[in-house]
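1. quick one, fold the following:
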Amino acid sequence: MLHCDQRCWTRIRLLLLALPILWLLSTPHLPQTAAATLADDDKQSVHLNQVPFIRKKPDFGGEACGAAFLQSLGNQVDQDFVFDQSGVSPTLGRGCVTSELVTALKACRVQTGDVWFRANSSQQIRAVWSQIHTDLIKGRPTIAVAKKDAERFVLVTGYDQQNDEVIFHDPNQDDGADQKQDLSAFLDSMRLRSVDASGEESFQVVAIRCRGGKTNLTKSQERFSDADYAQHIRQLKTRLPNDEFSIVLQKPFVVVGDGGADKVKRTAERTVKWAVDCIKQDYFQRDPLHILDIWLFKNPESYQRHNVQLFGSKPTTPFGYYSSQHRALVMDISTGGGTLVHEIVHPFIESNFVLCPSWFNEGLASLYEQSSSRNGRIIGLTNWRLRGLQKTIEAERLATFKELCETSTREFYRGAGTNYAQARYLCYYLQERGLLNKFYHAFVKNAQDDPSGYETLQSVLGTEDMGSFQEKWEAYVLKLKF
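-> Numbers count the residues shown, from 1 in each chain. The predicted structure is shown next:
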């Protein structure tokens with residue numbers, strides 16, 4: 001028989017009383033949902049004043065929210081920078097959707113955590129708000145998606161306890177800073193409806209929590225970012241005459257044409273890219289001043305009709321032209337790619353050699369309208385302009401090089417046929433003597449003191465007797481064949 005004294009019974013009673021407490025301590029706590037009233041902490045007012053407001057560019061709402069958070073960390077970056085981190089192709093002509101925005105933020109070392117949450121009940125959506133509020137207390141904003149007719153990003157920056165209102169930046173509005181909305185209404189706007197294959201309805205909310213993040217981010221120094229091209233192509237798509245047109249981004253140009261997607265892409269890669277790489281290798285450091293479109297029309301009828309439709313007038317040349325006014329190179333590509341290469345030179349001259357006179361601008365461009373490569377470098381070949389030049393030489397009606405170099409723009413184009421040919425085959429001669437690249441760079445350097453280029457030409461040729469040189473050059477040209 002077991003005996004127990006008074007102290008033993010006391011210990012047993014204490015142990016029995018402690019068992020419920022020990023059981024509670026050993027049980028995992030489940031996350032609190034909104035089945036119960038929000039805790040006192042969830043009612044605390046908070047406002048992140050250090051987070052700036054950024055008005056979005058078209059379709060860049062998420063990017064604007066992301067940039068605002070990154071700027072609050074001290075980074076000198078913008079919404080274009082955020083887009084550029086996403087890897088989204090600019091040819092889509094749109095901003096980031098949620099998953100792409102998350103990719104961009106993660107590239108900036110932002111810890112977004114879970115983003116998509118079930119919201120089939122008020123309990124579940126309130127639980128998400130509890131997380132958002134907790135982050136606000138810790139100084140962390142949240143990018144939320146309020147989706148009615150289209151995806152709309154806002155940046156939650158605070159909560160007003162007195163009025164039970166959410167404080168947020170809405171980049172979709174000019175006056176979107178520190179907007180306020182009743183908490184229940186705001187959470188309802190976050191509730192996104194979806195229907196699965198079986199027809200069953202469900203809801204979710206999107207909340208991109210902004211935690212961490214790098215603090216030494218810097219913008220690219222390139223003249224145009226992927227975001228710039230995306231915005232440009234977005235606008236370009238609204239101008240396309242019909243669905244036959246396809247778009248290829250071939251930096252620094254946007255190539256668009258109605259000859260079929262494969263042909264447009266092939267021309268972009270084999271002609272545009274090749275020409276750009278070659279002329280930048282030998283001459284130009286800076287890309288064109290603006291994003292330029294290259295319009296490739298498939299035949300003369302398309303070329304004529306769409307010039308009127310897009311630019312308001314008929315073209316003055318049957319081949320193609322460059323318009324700085326319309327920021328476009330416009331081609332009847334059925335005539336070949338020579339004119340395209342010619343016109344590509346002009347916007348590069350425009351951005352790299354501001355003082356370039358017409359004779360050299362057109363001479364260099366004309367040189368490459370019939371071109372190939374030699375030892376990895378672009379070279380001009382003889383072309384259809386040769387015979388007319390030879391006839392003018394034979395008739396002894398050709399201007400001197402001093403006269404050519406000193407022509408005004410108006411004078412040059414008034415005698416366009418002969419002037420083009422003379423300028424082209426002067427460049428061709430310099431090319432064949434290995435002097436063209438040297439002449440270009442010397443001309444750029446000396447243009448303030450020698451705006452016509454005539455004295456620089458004499459220096460590069462190593463002669464002051466330009467009369468004798470012209471006789472020698474004319475004899476050289478008369479022997480050329482095409």
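2. surely residue 379 forms part of a strand?
-> Yes - in this structure, residue 379 lies within a strand as judged by DSSP: H, G, I helix; E, B strand; the rest coil.
3. how many neighbours does it have?
-> Residues near residue 379, counting by other C-beta atoms under 10 Å, number 17. In short, each C-beta sits where N, CA and C put it, glycine included.
4. what is it paired to in the beta sheet?
-> residue 372 (DSSP bridges).
5. what sits against it?
-> Taking C-beta atoms under 8 Å, 6 or more residues apart in numbering, we find residue 379 in contact with 371-373, 431.
6. in PyMOL, how would I select just the buried ones from the residues you listed?
-> Filtering those down to the buried ones (16 or more other C-beta atoms under 10 Å) takes a single PyMOL command:
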select buried, resi 371+431
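7. for the stretch 1-150 of the chain, what spans make up the strands?
-> Secondary structure of the stretch 1-150 of the chain by DSSP state E, counting those that start in this stretch: the strands cover 46-47, 110-111, 116-118, 142-145.
8. note down every partner strand of the third one and its orientation.
-> Here strand 116-118 has these sheet partners by DSSP bridges: strand 201-209 (antiparallel).
9. next one: the longest one
-> According to DSSP bridges, strand 142-145 has the following sheet partners: strand 153-160 (antiparallel), strand 201-209 (antiparallel).
10. so which of those is nearest residue 457?
-> Evaluated over the strands paired with strand 142-145, closeness to residue 457 peaks at strand 153-160, with 58.7 Å, by C-beta to C-beta.
11. and the next helix or strand past the closest one?
-> Using DSSP states H and E, the helix or strand that follows strand 153-160 in sequence is strand 165-169.
12. what residues sit buried inside the helix or strand just after that following strand?
-> Remark: after strand 165-169, the chain's next helix or strand is strand 179-182, criterion DSSP H and E. Neighbour-count burial for strand 179-182, with 16+ other C-beta under 10 Å as criterion, is recorded at 179, 181.
13. just the residues contacting strand 179-182, thanks.
-> Residues contacting strand 179-182 (C-beta under 8 Å, 6+ apart): 154, 160, 163-170, 173, 189.
14. can you tell me the strand partners of it and which way each runs?
-> By DSSP bridges, strand 179-182 pairs with strand 165-169 (antiparallel).
15. for the strand it pairs with, the distance to its chain's centre please.
-> 31 Å (C-alpha atoms, centre = their mean, to the nearest Å).
16. tell me the mean pLDDT for it?
-> Per-region confidence: strand 165-169 scores 97 on mean pLDDT.
17. measure the closest residue to residue 61 other than its chain neighbours to residue 142 for me?
-> In this structure, residue 61 finds its nearest non-sequential neighbour in residue 153, 4.0 Å apart by C-beta to C-beta, 6 or more residues apart in numbering. Distance, residue 153 to residue 142, by C-beta to C-beta, to the nearest Å: 11 Å.
18. the two - which one has more neighbours?
-> Between residue 153 and residue 142, counted using other C-beta under 10 Å, residue 153 has the larger neighbour count: 28 against 25.
19. and that one, what are its bridge partners?
-> residue 145.
20. just for the stretch 51-200 of the chain, where's the confidence low?
-> Scanning the stretch 51-200 of the chain for pLDDT under 70 picks out 148-150.
21. which non-adjacent residue is nearest residue 94?
-> Closest to residue 94 by C-beta to C-beta, 6+ apart is residue 59, at 5.2 Å.
22. what's the one you found in contact with, if anything?
-> Taking C-beta under 8 Å, 6+ apart, we find residue 59 in contact with 94-95, 234.
23. most neighbours of all those, which one?
-> Most surrounded of the contacts of residue 59: other C-beta under 10 Å gives residue 95, at 27 neighbours.
24. doesn't residue 65 make contact with it?
-> No - counting by C-beta atoms under 8 Å, residue 95 does not reach residue 65; the two are 11.0 Å apart.
25. measure stretch 72-84 end to end?
-> Taking C-alpha to C-alpha, to the nearest Å, the first and last residues of stretch 72-84 lie 19 Å apart.
26. cool, stretch 236-252 as well?
-> 15 Å.
27. same check on stretch 132-143?
-> End-to-end span of stretch 132-143 (C-alpha to C-alpha): 10 Å.
28. same thing with stretch 286-305?
-> Stretch 286-305: ends 34 Å apart by C-alpha to C-alpha.
29. okay if I get the contacts of strand 179-182 as CSV plus neighbour count and distance to residue 255?
-> Converted to CSV, the contacts of strand 179-182 look like this (neighbours: other C-beta atoms under 10 Å; distance: C-beta to C-beta, whole Å):
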residue, neighbour count, distance to residue 255
154, 27, 37
160, 14, 52
163, 10, 54
164, 12, 54
165, 18, 50
166, 26, 46
167, 21, 46
168, 25, 41
169, 28, 37
170, 23, 37
173, 13, 36
189, 18, 41
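30. relative to residue 398, which of the residues you listed is nearest.
-> Checking these against residue 398 with C-beta to C-beta, the nearest one is residue 173 at 65.7 Å.
31. residue ranges for the helices of the stretch 251-400 of the chain, please.
-> Applying DSSP state H, counting those that start in this stretch to the stretch 251-400 of the chain gives helices spanning 261-267, 274-282, 300-311, 338-352, 358-367, 385-394.
32. and the ones you listed, which is most packed in?
-> Of all the helices of the stretch 251-400 of the chain, helix 358-367 carries the top mean neighbour count, a mean of 24, counting by mean count of other C-beta atoms under 10 Å.
33. now that helix against helix 385-394, angle please.
-> With axes from the mean of the first three to the mean of the last three C-alpha atoms, to 10 degrees defining the directions, helix 358-367 sits at 130 degrees from helix 385-394.
34. can you give me the offset of helix 358-367 from its chain's centre?
-> Worked out by C-alpha atoms, centre = their mean, helix 358-367 lies 30 Å from the chain centre.
35. now the angle between helix 274-282 and that helix, please.
-> Using the same axes, to 10 degrees: helix 358-367 against helix 274-282 is 130 degrees.
36. how about helix 358-367 as CSV, C-alpha atoms only?
-> Output in CSV follows, covering the C-alpha atoms of helix 358-367 (Å, rounded to 0.1, in the frame of the first residue of the first chain):
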residue,chain,number,x,y,z
SER,A,358,26.2,68.9,-97.1
TRP,A,359,28.9,67.8,-99.6
PHE,A,360,30.6,65.5,-97.1
ASN,A,361,27.3,64.4,-95.4
GLU,A,362,26.0,63.2,-98.7
GLY,A,363,29.3,62.1,-100.0
LEU,A,364,29.9,59.7,-97.2
ALA,A,365,26.3,58.5,-97.1
SER,A,366,26.4,57.9,-100.9
LEU,A,367,29.6,56.0,-100.7
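37. what's that helix packed up against?
-> helix 338-352, helix 409-414, helix 416-432 (3 or more C-beta pairs under 8 Å, 6 or more residues apart in numbering; DSSP states H and E).
38. could I get the buried residue list for the last one?
-> Along helix 416-432, the positions that meet the burial threshold by neighbour count (16+ other C-beta under 10 Å) are 418-431.
39. let me know the pLDDT of residue 44.
-> In this prediction, residue 44 has a pLDDT value of 93.
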